[in-house]
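Asker: kindly generate the corresponding structure for this input.
(chains A, B, C and D)
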Protein chains: 2
Amino acid sequence: MATSMALRVGKVDRILDALGDTTRRRIIRLLSTGPMSVSELAKPLDITVTAVTQHLRILQSCALLTSHKNGRVRMCSLDATGFETLEYWVRDCRTSWERRLDRLGTILEEDDT
Amino acid sequence: MATSMALRVGKVDRILDALGDTTRRRIIRLLSTGPMSVSELAKPLDITVTAVTQHLRILQSCALLTSHKNGRVRMCSLDATGFETLEYWVRDCRTSWERRLDRLGTILEEDDT
DNA sequence: GCCATACTGAAGTCTTCACTTGACTATTTC
DNA sequence: GAAATAGTCAAGTGAAGACTTCAGTATGGC
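Answerer: All right, here's what the predicted structure looks like:
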């Protein structure tokens, strides 16, 4: 990222930055089948537990994931909070210009490439 | 990205990769107020038109954006298709383990960090 | 207590990808 | 037709960040 970024990024930006990585998406897919520990995640992903921890921190910081440590084992599960935030954004994003289309649809016509 | 990636990525993966960039999100926010040309986008973003074109290609390849060239001017607008795909994914993702929580909620209890 | 297990932290490497520049191809206007 | 405008293409640069390794800190079992 050559752009400034990180300077006052909102919730949604942090969520989309987090989801913009293959490994983190794979973590989410794994967890959608049920809670898993750090090393249980590392195995199928075929990366070190350190790498997993780093991803967990990011996913947790934008409320896509929660974890609680039980003894020496950290158990991870998905967090609805972040997904709800994202869902609202996507819907807003879609409807905002669908409304515009409705308004204009009857008035204008399009030309194609 | 040090991971292999790009080897058989699905629609949603492409969408989330696209949205995982600040500039592309800013393009989407600009377009949510109405269609704009390439150079109209470049101005507020404060990057070259070349850079904008590159982002447009990516956004278009995952159906977040459509454009039609009218003379020498390319007009860009958002495309509902990609956003719908994403909305479904987010919802699925959320509900999949909310159902699990419902099933387990009455049976087990949690312990905290 | 001692060894194994489960994870965390700091520091370094290496790849990807966002952006630029410079040259080129339409279109529009005069 | 020349000049200006709008955009595209190819190639190169720089930085962000996804990994790794190695060392360190709990916790659990013997």
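
Asker: what residue in chain A comes nearest to chain B?
Answerer: Proximity of chain A to chain B (Cβ to the nearest Cβ) peaks at A:G20, 1.6 Å away. From N, CA and C alone the C-beta is placed, and that goes for glycine too.

Asker: what sits against that residue?
Answerer: Residues in contact with A:G20 (Cβ atoms under 8 Å, 6 or more residues apart in numbering or on different chains) are B:16-17, B:19-21.

Asker: which stretches in chain A count as strands?
Answerer: For chain A, the strands defined by DSSP state E cover A:36-37, A:65-70, A:73-78.

Asker: ends of stretch A:34-42, how far apart?
Answerer: 15 Å (Cα to Cα, to the nearest Å).

Asker: can you tell me the closest non-neighbouring residue to the residue sitting nearest the centre point of chain A?
Answerer: Central residue of chain A (Cα atoms, centre = their mean): A:L19, 3.7 Å from the mean position. If the residues on either side of it in the chain are set aside, A:L19 comes closest to B:L16, at 4.6 Å by Cβ to Cβ, 6 or more residues apart in numbering or on different chains.

Asker: any idea how far DNA strand C is from the one you found?
Answerer: Going from B:L16 to DNA strand C by Cβ to the nearest atom of the strand, to the nearest Å gives 12 Å.

Asker: what is the helix or strand bottoming out on mean pLDDT in chain A packed up against?
Answerer: Sorting the helices and strands of chain A by mean pLDDT, DSSP states H and E puts helix A:80-105 at the bottom, at a mean of 81. Helices and strands touching helix A:80-105, as assessed by 3 or more Cβ pairs under 8 Å, 6 or more residues apart in numbering or on different chains; DSSP states H and E, comprise helix A:11-19, strand B:73-78, helix B:80-105.

Asker: thinking again about what came up before, what sits against the residue nearest to the centre of chain A?
Answerer: A:25, A:28, A:64, A:86, B:16, B:19-20.

Asker: touching, A:G82 and A:C62? I think so.
Answerer: Yes - using Cβ atoms under 8 Å, A:G82 is in contact with A:C62, at 5.4 Å.

Asker: what sits in contact with each of those two?
Answerer: A:11, A:15.

Asker: so where's chain A shaky on pLDDT?
Answerer: Filtered on pLDDT under 70, chain A yields the residue ranges A:1-9, A:99-113.

Asker: OK, now which residue of chain A is nearest to DNA strand D?
Answerer: A:G71 (2.3 Å; Cβ to the nearest atom of the strand).
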